[in-house]
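*Asks:* The following comprises the amino acid sequence and a computationally predicted model.
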Amino acid sequence: MKKVVIAISVILTLMVARFASAQNQADEKKFGISFRGFIKSDYWYDSRQVVSAREDLFMIVPANTLPDKNGKDINAHPSFNYSAITTRITGDIKGPDAFGAKTSGMIEADFSGVTNGDINGFRLRHAIGKLRWEKSELMFGQFWHPMFVVDVFPQVISLNTGAPFQPFIRNPQIGYTRFIDTYSLNLSFVTQRDHASEGPSGALPNYMKNALIPNVHFQLQHKTPTRIWGFAADYKVLQPRLVTDNNYQTNETIGSYAFMAYHKYVNKNFLWSMKGIFGQNLTEHLMMGGYAVRTVNPDTKIETYTPTNHLNLWNYISYGQAVKFGLYCGYLKNLGTTHENTGRYFGRGKDIGYVYRIAPSLSFISAKTQISIELEYTAAGYGTPDTKGIVQNINETKNLRLLVTFYYYF
């Protein structure tokens, strides 16, 4: 009888151990990484030379008139190109709970490189981790700047995603979000890496690092299944120089701010979204702006600075599913610098008074494949900035881009 009891005990122990092992294996299968992404190929034609990134794939504005000795516009020459560099792979990560929170992560990369010299280079787009509690969330890593707003951006076909009217920038950051019913409050601290502010030594993240203050962002958002709206405030400080051209140490900084409001409405096949930004020194967002030298000490060459001011507006609508029509409209206005300046600028578009764009598109979607056609008409008003950065004697240049894009999602 004793042997029977021992045998039964051993069998039960083995069964429990096997069940526990199976349970642990089942739990482990819940965690790990799954991949998704797309193969993407773009084909485009421009009616004139353009100011752009990534071998013209990322179109910002048409280039200014550049006369030759006979007065003919050199930049009026058209161009075309093909590219598959924005083919993308994303890894979604799930892990066990930690600190009483659900954990998740995401890693994303493509082949567009960090600069034109690095085209086809495999580069990091996003790398984030999240801790999600019942009413709050902590996010850390590299992701879209909070001004991009992942829930409200123009779903155009072009890689520029609505720039220069819409922010286009990814940053190292840490952000905390508090959820209150259908509202959320976000506070983020952001630095710069691939997308950096302009300065005396070019576009570098050093100007923010030397200022010892991260870019601070605060955002309020309301979100329901059919409607999203929000407001945001953003502030950053840069230190353009550590030493002057006359070898004097300098601690002069330039502070700048931005305010943003946005709205999105979705109802079955219809989508309408819009955003407005009043901002200073937004050049790192691939928008117009920057700052100018306000004063220069004649002996030490110590400089003070003044920011540019720009108003940016865009509106986007789309309708359909298998066949989808989209229309994007954007407008920006250069409002000059806050103070009079010496005429030396760091940034983009100091001689552009305004830009506007109209971009209709048509997409055909079947299962995992999408074929899209977009016409992008962009006009920029070039001129000469006065002592307060207001552009005078404007001459308008225009570009028409025909873009055809193929997607295969996986």
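*Replies:* Sure, I can see it.
*Asks:* who does the host helix or strand of Phe189 touch, helix- and strand-wise?
*Replies:* Using DSSP states H and E, Phe189 falls within strand 183-190. Taking 3 or more C-beta pairs under 8 Å, 6 or more residues apart in numbering; DSSP states H and E as contact, the helices and strands that strand 183-190 lies on are strand 170-180, strand 215-223. C-betas here are computed from N, CA, C, even on glycine.
*Asks:* Reformat those strands as a markdown table; add mean pLDDT.
*Replies:* Shown next, in a markdown table, are the helices and strands packed on strand 183-190 (pLDDT from 0 to 100):
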| stretch | mean pLDDT |
| --- | --- |
| strand 170-180 | 98 |
| strand 215-223 | 98 |
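*Asks:* ends of stretch 189-198, how far apart?
*Replies:* With C-alpha to C-alpha, to the nearest Å as the measure, stretch 189-198 spans 20 Å from end to end.
*Asks:* ok, and what's touching that stretch?
*Replies:* Residues from elsewhere that reach stretch 189-198 (C-beta atoms under 8 Å, 6 or more residues apart in numbering): 114, 123, 142, 145-146, 168-175, 203-205, 207-209, 214-217, 236, 238, 281, 283-286, 290, 346-348.
*Asks:* tell me which residues in stretch 335-352 are buried?
*Replies:* For stretch 335-352, a neighbour-count test (16 or more other C-beta atoms under 10 Å) marks 335-338, 341, 345-352 as buried.
*Asks:* do stretch 162-175 as well
*Replies:* With burial defined by 16+ other C-beta under 10 Å, the residues of stretch 162-175 counted as buried are 162-173, 175.
*Asks:* can you give me the end-to-end distance of that stretch?
*Replies:* 25 Å.
*Asks:* I'd like the numbering to begin with 17 instead of 1 from here.
*Replies:* OK, 17 is where the count begins now, so the last one is stretch 178-191.
*Asks:* got the buried residues for the biggest strand by length in the chain?
*Replies:* Looking across the chain with DSSP state E, the single longest strand is strand 407-425. Neighbour-count burial for strand 407-425 flags 407, 413, 415, 417, 419, 421, 423 (criterion: 16+ other C-beta under 10 Å).
*Asks:* okay, it in CSV with CA atoms only?
*Replies:* Below are the C-alpha coordinates for strand 407-425, written out as CSV (Å, rounded to 0.1, in the frame of the first residue of the first chain):
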residue,chain,number,x,y,z
VAL,A,407,10.5,89.4,-46.8
GLN,A,408,10.1,92.2,-49.4
ASN,A,409,10.0,92.3,-53.2
ILE,A,410,8.6,88.8,-53.5
ASN,A,411,8.9,86.7,-56.7
GLU,A,412,6.9,83.4,-56.7
THR,A,413,8.4,80.2,-58.0
LYS,A,414,6.4,77.0,-58.6
ASN,A,415,6.9,73.3,-58.9
LEU,A,416,4.6,70.5,-60.0
ARG,A,417,5.5,67.0,-58.9
LEU,A,418,3.9,63.9,-60.3
LEU,A,419,4.5,61.0,-57.9
VAL,A,420,3.6,57.4,-58.4
THR,A,421,4.2,55.0,-55.5
PHE,A,422,3.8,51.2,-55.1
TYR,A,423,3.4,49.6,-51.6
TYR,A,424,3.5,46.0,-50.6
TYR,A,425,2.7,45.5,-47.0
